[in-house]
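>>> Sequence below, structure please.
(one chain, ligands or ions: 2)
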Amino acid sequence: MATTIGSYIATRLAQIGIKNHFVVPGDYNLVLLDKLQENPNLQEVNCSNELNCSFAAEGYARAKGIAAVIVTFSVGAFSAFDGIGSAYGENLPVILISGSPNTNDEGDHHLLHHTIGTHSFDYQYEMAQRITCAAVQLKNAEDAPRLIDYAIRESLTQKKPCYIEVPTNMSSASCAPPGPIEAVLCPLETNPKALEAAVTSSIKFIESRLKPTLLAGPKLKCAGAEQAFIRLAEALGCAVAVLPAAKSLFPEDHPQFCGVYWGQVSTKKADAIIEWSDLTICAGCVFTDYSTTGWTSLQSSAHRLEAGFDDVKFSGHYFDQIALSDFLNALADRISTNDKSLIEYNRLRPTSPTIEAARPTAPITRKEMVRQIHKLITSETTLFAETGDSWFNGIQMDLTRGACFEIEMQWGHIGWSIPACVGYAVGAPERKIITMVGDGSFQMTAQEVSLMVRLKKPIIIFLINNFGYTIEVEIHDGPYNNIKNWNYAALVEAFNANDGKAKGFQVRTAGELADAIEKANSNVEGPTLIEIQINRDDCTNELITWGHFVALANGRPPRLSS
Ligand SMILES: C/C(NCc1cnc(C)nc1N)=C(/S)[C@H](O)COP(=O)(O)OP(=O)(O)O
Ligand SMILES: [Mg+2]
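Ligands and ions are numbered 1, 2, ... in the order given. You can find the predicted model right below:
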């Protein structure tokens with residue numbers, strides 16, 4: 001029996017595991033929103049703007065593995081594109097659905113609102129094609145089921161965002177009902193011959209080296225390969241490090257864990273062992289200027305075997321059509337133990353420095369702040385580290401087994417953490433969320449604290465107020481790094497109006513921070529923001545080192561054209 005395009009989309013979203021979709025209404029998407037509301041398995045979440053909406057969906061996808069954001073044409077979608085860029089870079093399947101003009105308007109040569117004032121309305125679709133793995137326009141009801149299934153299938157398989165454009169008069173157009181969802185859920189099929197060849201050659205290569213190590217990268221998560229990685233680590237018995245964006249993907253209490261490998265700003269001397277090793281087996285790794293500290297810690301390809309999301313490469317060899325977890329498991333089944341790098345690492349394993357508690361009346365410092373936040377981390381905690389010195393503060397915190405760490409290192413949009421952590425909280429209500437965010441970042445997306453209030457999410461926000469853009473100061477200072485100070489504690493309570501439970505505290509001493517944390521822990525009906533005012537120069541040494549090398553990388557002179 002026929003259905004409508006809007007109901008078809010709703011059914012598909014529910015079938016792929018979405019329970020909440022993130023929306024900002026607009027006249028081009030209202031009928032579609034009604035159709036989604038009619039589906040009992042979907043609950044809409046209303047954001048303050050489309051930038052935050054797309055980041056909230058991105059955060060939801062971090063928790064649930066899939067998300068959907070519904071916006072109106074142009075004025076909504078253009079902001080949402082920013083969060084879709086993040087989803088693309090961070091390997092998250094977020095489905096961007098945008099309302100669009102009535103299908104008759106182009107033929108009638110109409111000019112319309114919410115457009116750039118041209119007679120053609122395809123510009124948004126053309127832009128979306130560049131930042132998604134699949135983009136479709138539903139201009140014909142008969143074609144709609146095929147296009148919707150195609151876009152969602154590509155997004156789920158490639159772990160990248162997709163785009164579905166729904167003209168305002170098509171949501172209620174009738175179309176064929178959805179076929180079996182199995183036709184949409186097509187995980188990457190590993191080619192057995194390619195797998196066999198890749199594993200046989202890889203073992204030969206690995207066993208030709210004396211002291212291999214393992215390095216976990218962020219794509220382990222979207223590939224669902226964390227457990228396979230642990231199996232390989234334990235089969236090989238070597239030292240194991242993680243890239244910064246892969247923190248928490250390998251248990252930090254594991255006897256083989258040797259820290260976050262980030263070049264000169266590594267933790268636990270991970271750089272000493274990775275750079276001592278004569279082969280690093282990289283699983284799901286992404287090497288960028290930021291993750292290699294301005295290219296200073298990218299090892300030569302002769303020293304790397306790279307197992308990617310769906311391929312394997314090492315000197316003189318390339319194999320594709322291989323799912324990462326299949327490769328890691330097959331290697332674990334056949335690899336011989338070689339624990340030389342772990343033996344060497346245990347020889348130089350540093351002891352974790354204990355930070356002395358400050359006197360309660362002592363002015364708050366970054367170190368004391370980190371010490372007190374670190375104490376809050378349990379196996380149920382998800383720690384969000386915003387772009388800024390929060391990256392370095394977060395990376396250095398040892399995680400209890402089960403604790404999760406979320407960072408947006410590829411896209412690096414300041415302000416991402418506020419909408420993303422509330423979207424994540426919607427997807428994973430059982431997690432205890434702590435967000436570390438700087439003053440500059442918070443000013444980008446502060447409105448979404450309102451959603452935390454509306455949904456009564458007990459998120460604890462540590463707002464590190466160092467009075468400006470400190471990362472930028474360390475990369476390249478100038479007057480543009482100074483920002484207007486806000487009363488952040490008062491601001492969050494303004495979102496309460498007459499029914500909210502948000503709490504805001506401004507702390508200047510160690511004792512005040514301890515008190516505020518106690519109050520935050522008992523505020524279970526809403527967010528608590530603790531504004532910690534520290535001196536701009538009170539930043540991590542790692543930020544200063546990292547900033548120096550990133551600035552050098554940015555400043556390389558142009559190559560003279562030959
Ligand atoms: C301005 C910018 N980056 C450039 C930038 C500008 N615009 C967007 C959207 N994203 C970006 N990363 C960055 S990292 C600031 O130092 C962040 O300041 P803040 O949140 O206050 O953190 P720190 O003080 O610890 O650096
Ligand atoms: Mg700052």
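>>> Please make it C-alpha for all contacts and neighbour counts, starting now.
Will do.
>>> What residues does this structure have near ligand 2?
Residues of the chain lying close to ligand 2 (CA under 5 Å from the ion) are Gly438, Asp439, Asn466, Gly468, Tyr469.
>>> Among these, which ones are in helices?
Among the residues of the chain next to ligand 2, the ones falling in helices (DSSP state H) are Asp439.
>>> Now pLDDT, neighbour count and distance to Ile373 too, for the residues of the chain next to ligand 2, in TSV please.
Shown next, in TSV, are those (pLDDT from 0 to 100; neighbours: other CA atoms under 10 Å; distance: CA to CA, whole Å):
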residue	pLDDT	neighbour count	distance to Ile373
Gly438	98	27	15
Asp439	98	28	17
Asn466	96	21	17
Gly468	96	20	22
Tyr469	96	21	22
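>>> Within reach of ligand 1, which of the residues of the chain next to ligand 2 are there?
Restricting the residues of the chain next to ligand 2 to those touching ligand 1 (CA under 6 Å from any ligand atom) yields Gly438, Asp439, Asn466, Gly468, Tyr469.
>>> quick one: contacts for the last one?
If I follow you right, that is Tyr469. By CA atoms under 8 Å, 6 or more residues apart in numbering, Tyr469 lies in contact with Gly388, Asp439, Gly440, Asn481, Asn482, Ile483.
>>> Give me the buried subset of those.
Of the members of those, the ones counted as buried by neighbours, 16 or more other CA atoms under 10 Å, are Gly388, Asp439, Gly440.
>>> how close does the first one get to Asn466?
If you measure Gly388 against Asn466 using CA to CA, to the nearest Å, the figure is 11 Å.
>>> Give me the common contacts of these two.
In terms of CA under 8 Å, 6+ apart, Gly388 and Asn466 are both contacted by the residues Gly438.
>>> Which strand or helix spans Gln506?
Per DSSP states H and E: Gln506 is located in strand 503-507.
>>> which residues touch the very next helix or strand once past that strand?
Moving toward the C-terminus from strand 503-507, the next helix or strand (DSSP H and E) is helix 510-522. Here helix 510-522 makes contact (CA under 8 Å, 6+ apart) with 358-365, 368-369, 372, 460, 503, 505, 507, 527-530, 532.
>>> Same check on stretch 103-120?
For stretch 103-120, the surrounding residues in contact (CA under 8 Å, 6+ apart) are Phe73, Ser74, Val75, Pro101, Phe121, Lys139, Pro167, Thr168, Asn169.
>>> what two of these are the furthest from one another?
Using CA to CA, the two most remote members of these are Val75 and Lys139, lying 20.4 Å apart.
>>> and Thr213, helix, strand or coil?
strand (DSSP: H, G, I helix; E, B strand; the rest coil).
>>> rewinding a little: including distance to Asp27, could the residues of the chain next to ligand 2 go into JSON lines?
Converted to JSON lines, these look like this (distance: CA to CA, whole Å):
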{"residue": "Gly438", "distance to Asp27": "36"}
{"residue": "Asp439", "distance to Asp27": "35"}
{"residue": "Asn466", "distance to Asp27": "42"}
{"residue": "Gly468", "distance to Asp27": "39"}
{"residue": "Tyr469", "distance to Asp27": "38"}
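>>> didn't Ala323 look like it was pressed against Asp311?
Yes: the criterion here is CA atoms under 8 Å, and Ala323 meets it with Asp311 at 7.1 Å.
>>> out of the two, which sits in the busier spot?
Between Ala323 and Asp311, counted using other CA atoms under 10 Å, the more crowded position is Ala323 (23 against 20).
>>> Contact partners for the residue of the stretch 101-250 of the chain found nearest ligand 2?
The minimum distance from the stretch 101-250 of the chain to ligand 2, using CA to the ion, falls at Pro244 (20.4 Å). Residues near Pro244 by CA under 8 Å, 6+ apart: Val260, Tyr261, Trp262, Ser291, Ile395.
>>> do you know how far it is from Lys313?
For Pro244 relative to Lys313 (CA to CA), the value is 22 Å.
>>> same check, this time on Glu518
Counting by CA to CA, the separation of Glu518 from Lys313 is 50 Å.
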